[in-house]
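J.: What follows is a predicted structure for the sequence shown.
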Amino acid sequence: MKQVHLFSDGSSLGNPGRGGYCAILRYQDKEKIISGAQNDATNNQMELKAVIEGLKALKEPCSVEIVSDSSYVVKGINEWLDGWVKKEFKKVKNPDLWREYLEVAKPHRINATWVRGHAGHAENEKCDRIAKEEAEKL
């Protein structure tokens, strides 16, 4: 199984407002950038959308290390998701996005790692910049 790093970030200008997201997929020395935008989006929605779109871009099952500055995404994946599924996402924000995440994550082995935002992590800074640029295009 290929080992892939998925660096991600989301942005919302207004929160909710114009939203942008970016994911950087890295496998060995290859890198692919996935980005996009959405109106009337929250920061958490864009953080999660970045992960979803990054996973969608994978063409085969992989071992994926997600690196994000969003504790919402990292704790959601590593700690909260099983409980949310058991209670059928009652009183959970963004259930549609979490269900989509579960679907695209199925073929992969996933671990999520939190990094401090705006602290000089090269890929996080790059994702942050691209996500903001995407939001500003709207």
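T.: It's in. Residues are numbered from 1 along each chain as shown.
J.: would you list every one of the helices in the protein?
T.: Taking DSSP state H as the test, the helices found in the chain are 43-56, 71-75, 81-86, 95-105, 122-137.
J.: mind listing what the spatially most central residue of the chain touches?
T.: Centroid-nearest residue in the chain: Val51, 2.5 Å away (criterion: C-alpha atoms, centre = their mean). Counting by C-beta atoms under 8 Å, 6 or more residues apart in numbering, Val51 touches 6, 8, 23, 66, 68, 73, 77, 101. In this view, the C-beta of every residue, glycine as well, is placed from N, C-alpha and C.
J.: what does Asn94 give?
T.: Asn94 neighbours (C-beta under 8 Å, 6+ apart): 44-45, 48.
J.: what does the model give it for pLDDT?
T.: At Asn94, the model reports a pLDDT of 98.
J.: now it: how far from Pro107?
T.: Note on Asn94: its distance to Pro107, by C-beta to C-beta, to the nearest Å, is 22 Å.
J.: Poorly predicted segments of the chain, please.
T.: For the chain, no stretch has pLDDT under 70.
J.: coming back round to it: most tightly surrounded among the helices of the chain?
T.: helix 43-56 (a mean of 24; mean count of other C-beta atoms under 10 Å).
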